[in-house]
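Novice: With the input below, show me the fold.
(2 chains)
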Amino acid sequence: MTTQTPESAGIVDPSAVLDERFKDAISSVLPDLPREQIQTHITPSRQPKFGDFQSNCAMPLAKRFGMQPRELAAKVIEAIDVTGIAEPMNESSIAGPGFINITLLPSAISDALGSLDTPQLGITPPDSPPTVVVDLCGVNLAKQMHVGHLRSTVIGDAIARLYERMGYKVIRQSHVGDWGLPIAMVVQKLIEREDAGLDLQTVTLAQLNTMYKQAQSECKAETKAVQLLEKVGGHPKAMAELELRIENANEHMERAKSRLVALQSGDSESVRVWQRIYDITMSACLHTCARLHANVTDEHSAGESTYRDELGSVVQDLIDRKIAEEDDGALVVKCDGIKEPTIIRKRDGGYLYATTDMAAIKRRVGTLGGDIVVYCVDSRQSLHFKQVFAAAHKAGYDKASDGHDASLVHAMFGTILGEDGKPLKSRSGENLNLSDLLDEAVSRAEATLSERSPDITGDERHQIAEAVAMAAVKYTDLAIERVKDYIFSFDRMLAFEGDTGPYLLYALVRIRSIFRKAQEAGIDTGAIESAPFDLREPSEKALALKLLRYPSVVEGASLNHEPNRMCAYAYELASGFSSFFDQCPVLKNDDDSLRASRLRLCALTGRVLEDALQTLGIPTVDRM
RNA sequence: GCCCCCGUAGCUCAGCUGGAUAGAGCACCGGACUUCUAAUCCGACGGUCGCAGGUUCGAAUCCUGCCGGGGGUGCCA
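Specialist: This next block holds a predicted model:
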């Protein structure tokens, strides 16, 4: 056992050092307690008056050994060696039922900051990085991206970035809805239009979207209306009218179904049109992803169509190994603890989305080597994933090459609501087009920008507005706890006041501005790189302590798939910087060494903030 | 019917896996600008953490039961 000494190795994480010291102390007080069972419960203190850190170890340990908590705390304090890390402790360090309050030595904080001030910012990649597969975005062919895709894309990308930042191997997978009957309907429709003289090369995604909706309604038979009319005795004319429409719908449906068969069997005409639809859709959607600063590109597309040749063998495998069974004509997998069986083949022999997802798990774990597979998908699909995960587990499709089960996670998210508390829709009740929504955010941002910073104009203004708008929209989406619904409000996210994306950008702008000013003043900013930290004001000490938390925040946010933790941290950091900046003159300071210390603190804060925003996928600006 | 999610200040939301007097932002009120960018900072106001039990030194957090809102419930995705 080697206890890291701050003198030799440098303190990277004060709480890790404290953890070791407390373990040593507790071991000597309670020799019968195996060291690996000791939990020191070291956490940052909530309030400065309780010191910088606290240990809550005394209460549970005292209970276990039948002692008084405060008495045990006193013994731990007597035994502990805090040399080089914290102020000496005494009776007054014990508070309440047995909290032990710890105040770090100023030198320990400075040392730790110095250790953090490296290119990696204190985050060390694992020796053998696990592979994480992130399912995100998931657009559908012939449909424009709408608000429903925003969260999957933005949150999914942030989760992927978090794991990348941790040094894991990340594989993004956009499960594009590019297969099945709905697509066949559009293919059929497009072929009919082409026969009527439409030039496929001129078709836009918006047109495809319209055709998609038309095809849907044309194929929808109003059988329920007829049944109802028969029941209550409808007017013969109405009945006849309805029956005619059903006949039409059935014809459309039949054509779509045979088009699906043709498409599935590789009919060249069908495939050519399908490919065109695919290209039109993906080029528009990937453009929107790029605009959102979401790293979703062509290489991440893994549409349902790519599983078409694997479905049959998956089903056969499940039959052969008696994992699936017949039930009322359908083929299902029954799993313990889930009432609803997972249907993997319909009575008519067709496959379903559960079948595709089974094949996807097999590929993601078996072929891609995923140790963790994260699905960033709407919470309404929670039952579906519960079923599919259980079925895949029963089939052993989640078994990684090393024999361990991969972890399958549904990182679900809630709905975006309008101001009325209902799911956000357009005036006409349709899904809100995502790029329209982004356009509006940009124009609002640009209006505010021209008002607040009239000196910024033209192209630069537009570019800044674009970045500010994306930051506003994304930060709002990421900052809310994933599973919750939230109310979308341009006014709030673009008010640029308080806990918003623009606030974070503003803090960074001020930091960057400091260094521009420093350069203008002829201050050698290169010399600050190794300047000793002199943390004399409460606000700069508070900022320093916030900075030191960064590595553990990245870890917590990634492993729990909770980007909102990063957002909360980024806001706290920006806020801590603003207080510091208000209270501590940096350039307007005559003390050279203090100025150097503060400049270095600004630089480090800037780098951490930048890194946090980068990890969330939020763009930054130099001016605003 | 059954299953899942949510319920915290007037509004929008946090609460680091059970810790101290539950925190921010907005709104409202009072302060700080010949600015290191006031898109900021400082202060004041504001809560029976849906309700009722339970677990224990200690519960917004864990368990049970209600109430309210949303979603889902074998052959759509």
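
Novice: switch to C-alpha atoms for all contacts and neighbour counts from now on
Specialist: Fine.

Novice: residues touching the residue most central in space within chain A, list them.
Specialist: Against the mean C-alpha coordinate of chain A, by CA atoms, centre = their mean, the closest residue is residue A:155 at 3.0 Å. Residue A:155 makes contacts with A:376, A:477-478, A:563, as judged by CA atoms under 8 Å, 6 or more residues apart in numbering.

Novice: So which of those residues are in helices?
Specialist: Counting by DSSP state H, the part of the contacts of residue A:155 found in helices is A:477-478, A:563.

Novice: which residues does residue A:157 contact?
Specialist: Taking CA under 8 Å, 6+ apart, we find residue A:157 in contact with A:136, A:294-296, A:616-617.

Novice: name the element the residue nearest to the centre of chain A belongs to?
Specialist: For residue A:155, the element it lies in under DSSP states H and E is helix A:147-165.

Novice: what's the helix or strand just after that helix in contact with?
Specialist: Going down the chain from helix A:147-165, the next helix or strand is strand A:169-173, by DSSP H and E. With contact meaning CA under 8 Å, 6+ apart, strand A:169-173 is reached by A:129-136, A:160, A:163-164, A:296, A:300-302.

Novice: returning to what we had before: out of the ones in helices among the contacts of residue A:155, give me the one that has the most neighbours.
Specialist: Using other CA atoms under 10 Å as the neighbour test, the ones in helices among the contacts of residue A:155 are led by residue A:563, with 31 neighbours.

Novice: Now it: closest residue in space that isn't a chain neighbour?
Specialist: residue A:557 (5.5 Å; CA to CA, 6 or more residues apart in numbering).

Novice: hmm, the helix or strand harbouring the one you found in reach of RNA strand B?
Specialist: Applying DSSP H and E as the criterion places residue A:557 in helix A:550-559. Yes - for helix A:550-559, a contact with RNA strand B is found by CA under 7 Å from any atom of the strand, at residue A:556.

Novice: If you count contacts, what does that helix end up packed against?
Specialist: Applying 3 or more CA pairs under 8 Å, 6 or more residues apart in numbering; DSSP states H and E, one finds that helix A:550-559 contacts helix A:147-165, helix A:563-583.

Novice: quick one: stretch A:313-331 to chain centroid distance?
Specialist: Between the mean C-alpha location of stretch A:313-331 and the chain-wide mean there is a distance of 35 Å, by CA atoms, centre = their mean, to the nearest Å.

Novice: Likewise for stretch A:253-260?
Specialist: Centre-to-centre, stretch A:253-260 and its host chain are 39 Å apart (CA atoms, centre = their mean).

Novice: list the contacts for the residue lying closest to residue A:514 once chain neighbours are set aside?
Specialist: Closest residue to residue A:514 apart from its sequence neighbours, by CA to CA, 6+ apart: residue A:587 at 7.8 Å. Residue A:587 sits next to A:514, A:518, A:595, A:599 when contact means CA under 8 Å, 6+ apart.

Novice: which one of those has the most neighbours?
Specialist: residue A:599 leads the contacts of residue A:587 on contacts (other CA under 10 Å) with 23 neighbours.

Novice: so what's it up against?
Specialist: Neighbour list for residue A:599: A:525, A:528, A:586-587 [criterion: CA under 8 Å, 6+ apart].

Novice: again, 7 Å this time
Specialist: A:528, A:586 (CA atoms under 7 Å, 6 or more residues apart in numbering).

Novice: What are the buried residues along the helix or strand hosting it?
Specialist: Using DSSP H and E, residue A:599 sits within helix A:592-616. Across helix A:592-616, burial judged by 16 or more other CA atoms under 10 Å covers A:594-616.

Novice: Could you do stretch A:407-422 as well?
Specialist: For stretch A:407-422, by 16+ other CA under 10 Å, it's A:407-417.

Novice: Alpha carbons of that stretch, as PDB, please.
Specialist: Output in PDB follows, covering the C-alpha atoms of stretch A:407-422 (Å, rounded to 0.1, in the frame of the first residue of the first chain):
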ATOM      1  CA  SER A 407     -24.900  -3.300 -20.500                       C
ATOM      2  CA  LEU A 408     -27.900  -2.200 -22.600                       C
ATOM      3  CA  VAL A 409     -29.200   1.100 -21.500                       C
ATOM      4  CA  HIS A 410     -32.300   3.000 -22.600                       C
ATOM      5  CA  ALA A 411     -31.300   6.600 -22.000                       C
ATOM      6  CA  MET A 412     -34.800   7.800 -22.400                       C
ATOM      7  CA  PHE A 413     -36.000  11.300 -22.600                       C
ATOM      8  CA  GLY A 414     -39.200  13.200 -22.200                       C
ATOM      9  CA  THR A 415     -41.300  15.300 -24.500                       C
ATOM     10  CA  ILE A 416     -40.800  18.900 -25.600                       C
ATOM     11  CA  LEU A 417     -44.000  20.800 -24.700                       C
ATOM     12  CA  GLY A 418     -45.400  24.000 -26.000                       C
ATOM     13  CA  GLU A 419     -46.300  26.900 -23.700                       C
ATOM     14  CA  ASP A 420     -49.700  25.300 -23.300                       C
ATOM     15  CA  GLY A 421     -48.200  22.200 -21.700                       C
ATOM     16  CA  LYS A 422     -49.000  20.000 -24.600                       C
END
